[in-house]
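In: Next input, structure requested:
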Amino acid sequence: MLRFKGSQHFRQRLVCSTLSGRTILIDDIRSRDQNPGLRDFEACLLRLLEKVTDGCEVEINETGTSLRYRPGLATGGAGLVHDCGKARSIGYFLEPLACIALFGKKPLSITLKGITNDDLDPSVDVWRTVTFPLLRQLTGQEEGFELKVLRRGAPPQGGGEVAVRLPVLRSLPPVSLVQEGMIKRIRGVAHSMKVSPQSSNRMVDGARSVLNSLLPDVYIFTDHMSGPEAGFSPGFGMMLVAESTTGRFISAECSAAQQGSEGLMVPEDVGRQAAHMLLEEIHRGGVTDSAHQGLVLLFCALGPDEINEVRLGPLSPHAVRTLRHLRDFFGITFSVKPEPESQTIFLSCIGANIRNIAKKVT
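Out: This is a model prediction of the structure:
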């Protein structure tokens with residue numbers, strides 16, 4: 001049994017526990033806060049894992065400050081529905097769900113309800129245009145990844161609905177993502193819900209005022225929803241994706257829910273902010289943006305017992321904690337070589353050769 005303290009990196013501890021089959025005990029979960037214990041969204045994540053796995057056991061003490069999690073086998077399944085609540089967006093639940101479902105018994109088909117776009121977690125647009133293509137590269141499987149936005153939902157009331165399909169794998173191929181390439185085009189989505197349709201066009205104008213002087217191939221779609229498809233709260237935001245000549249994707253997004261010193265941001269400022277955030281991610285270098293560093297490192301550690309390598313920009317705090325957890329759960333340590341010329345970091349490891357023991361042999 002592995003022991004941890006605190007609520008940090010809660011999702012990844014559950015993912016690594018499930019994939020490694022090791023029981024974990026987490027103590028001192030916000031024990032010094034005025035409102036100690038697990039939050040509603042963390043309990044919601046545990047209920048989601050119970051739906052997609054078989055045999056997992058969750059024990060929580062009376063105050064909610066201590067959790068014992070004994071993992072079960074991932075089962076997957078079709079026709080599942082889960083309400084993600086209003087505290088965190090659907091993107092918070094998608095990362096652990098995707099990692100575990102790939103090692104399930106059957107392909108997963110699930111409908112998630114809640115907030116689709118906010119300023120805390122990767123939006124469903126990032127998952128559809130960046131994360132799923134990245135997972136196709138990491139798994140070597142082109143078919144089976146699908147995400148449909150049925151309804152959008154902005155905080156605080158949500159009301160969004162997303163249909164997700166994920167395949168199952170026997171094992172992972174070796175990871176080799178070292179070629180950054182040059183940025184050749186930028187795409188994006190400006191979404192708006194229960195506000196004027198002109199808000200999307202104003203966000204596009206704001207982003208183009210920054211990007212058009214740097215790159216000619218810039219195209220940003222507008223996605224305005226009204227009525228039942230717009231959820232229960234008004235909101236708007238923008239997601240931008242830069243594609244390199246080697247097929248790598250770097251993303252950034254900005255939401256009107258991000259509070260400035262003078263309140264909500266106007267649409268033009270949202271577009272400009274998203275453009276500047278994308279340029280900052282590109283400047284950091286690497287084959288992916290800072291939000292996806294931990295996911296790539298996880299798949300390197302889960303890969304076959306041969307060299308798995310990746311080139312990243314400066315490591316985010318999330319990526320650093322990921323490296324520590326991979327060492328604790330799988331005994332995997334990375335060779336880290338900074339390269340001053342490109343200002344990137346080259347990481348390599350021998351994978352743990354994690355295989356899907358739930359999938360039937362055919």
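In: For this structure, which residues score under the pLDDT cut-off?
Out: 257-263, 359-362 (pLDDT under 70).
In: quick one, domains of it?
Out: Under the assignment automatic domain parsing, the domains of the chain span 1-75, 183-284, 289-350.
In: Endpoints of the second one, how far apart?
Out: One end of domain 183-284 sits 13 Å from the other (CA to CA, to the nearest Å).
In: picking up where we left off before, kindly reformat the domains of the chain as TSV containing mean neighbour count.
Out: (Glycine included, C-beta is placed from N, CA and C.) Below are the domains of the chain laid out as TSV (neighbours: other CB atoms under 10 Å):
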stretch	mean neighbour count
domain 1-75	17
domain 183-284	19
domain 289-350	19
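In: can you tell which of those domains is closest to residue 148?
Out: Across the domains of the chain, the minimum distance to residue 148, taken as CB to CB, is reached by domain 183-284, at 12.2 Å.
In: Figure out how far that closest one is from the centre of its chain.
Out: 18 Å (CA atoms, centre = their mean, to the nearest Å).
In: ok, back up a step: turn the domains of the chain into TSV, columns for distance to residue 127.
Out: Below are the domains of the chain laid out as TSV (distance: least, CB to CB, whole Å):
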stretch	distance to residue 127
domain 1-75	15
domain 183-284	10
domain 289-350	10
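In: wait, which of those is closest to residue 113?
Out: Closest to residue 113 of the domains of the chain, according to CB to CB: domain 183-284, at 10.1 Å.
In: list the contacts for residue 341?
Out: Residue 341 sits next to no residue when contact means CB atoms under 8 Å, 6 or more residues apart in numbering.
In: Three-state assignment for it, please.
Out: Put simply, residue 341 is coil when judged by DSSP: H, G, I helix; E, B strand; the rest coil.
In: one step back: so which of the domains of the chain is nearest residue 108?
Out: Closest of the domains of the chain to residue 108 is domain 1-75, at 6.4 Å (criterion: CB to CB).
In: The closest one: how far from the chain's middle?
Out: Put simply, domain 1-75 sits 19 Å off its chain's centre (CA atoms, centre = their mean).
In: any idea where the strands of the stretch 201-350 of the chain begin and end?
Out: Counting by DSSP state E, counting those that start in this stretch, the segments of the stretch 201-350 of the chain that form strands are 218-225, 235-244, 249-255, 307-312, 335-339, 344-350.
In: Residue 292: which of those strands is closest?
Out: Nearest of the strands of the stretch 201-350 of the chain to residue 292, taken as CB to CB: strand 249-255 at 8.0 Å.
In: contact partners of that closest one?
Out: 117-119, 122-123, 125-126, 129-130, 133-134, 183, 235-244, 265, 270-271, 273-274, 277-278, 280-282, 288-289, 291.
In: what does stretch 223-237 give?
Out: The contact list for stretch 223-237 (CB under 8 Å, 6+ apart) reads 116-117, 119, 123, 150-160, 189-195, 197, 199-200, 203, 253-257, 267, 270, 274.
In: ok, now with 6 Å
Out: 117, 151-154, 156-157, 159-160, 189, 191-195, 197, 199-200, 255-256 (CB atoms under 6 Å, 6 or more residues apart in numbering).
In: what does stretch 146-158 give?
Out: So stretch 146-158 is contacted by 86, 114-116, 118, 124, 127-128, 159-165, 193, 225, 229, 231-233, 235, 257 (CB under 6 Å, 6+ apart).
In: Now, the residues you listed that are in helices?
Out: residue 124 (DSSP state H).
In: Mind giving me the packing neighbours of the helix or strand in which residue 81 is found?
Out: Assessed by DSSP states H and E, residue 81 sits inside strand 77-83. The contact analysis (3 or more CB pairs under 6 Å, 6 or more residues apart in numbering; DSSP states H and E) places strand 77-83 against strand 108-114.
In: ok now the strand it packs on, how far from the chain's centre?
Out: Distance, centroid of strand 108-114 to centroid of chain: 15 Å (CA atoms, centre = their mean).
In: which helices and strands sit right next to that strand?
Out: strand 77-83, helix 90-101, strand 160-166.
In: got the CA coordinates for stretch 343-358 in PDB?
Out: Extracted in PDB, the C-alpha atoms of stretch 343-358 (Å, rounded to 0.1, in the frame of the first residue of the first chain):
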ATOM      1  CA  GLN A 343      15.700  25.700 -24.700                       C
ATOM      2  CA  THR A 344      13.900  22.300 -24.400                       C
ATOM      3  CA  ILE A 345      14.200  19.200 -22.200                       C
ATOM      4  CA  PHE A 346      14.800  15.700 -23.600                       C
ATOM      5  CA  LEU A 347      13.300  13.000 -21.400                       C
ATOM      6  CA  SER A 348      13.600   9.300 -21.900                       C
ATOM      7  CA  CYS A 349      12.800   6.200 -19.900                       C
ATOM      8  CA  ILE A 350      12.400   2.400 -20.100                       C
ATOM      9  CA  GLY A 351       8.700   1.700 -20.000                       C
ATOM     10  CA  ALA A 352       6.900  -0.400 -17.400                       C
ATOM     11  CA  ASN A 353       5.300  -2.500 -20.200                       C
ATOM     12  CA  ILE A 354       1.800  -2.200 -18.700                       C
ATOM     13  CA  ARG A 355      -0.600  -4.500 -20.600                       C
ATOM     14  CA  ASN A 356      -4.400  -4.700 -20.700                       C
ATOM     15  CA  ILE A 357      -5.200  -7.800 -18.600                       C
ATOM     16  CA  ALA A 358      -9.000  -7.300 -18.900                       C
END
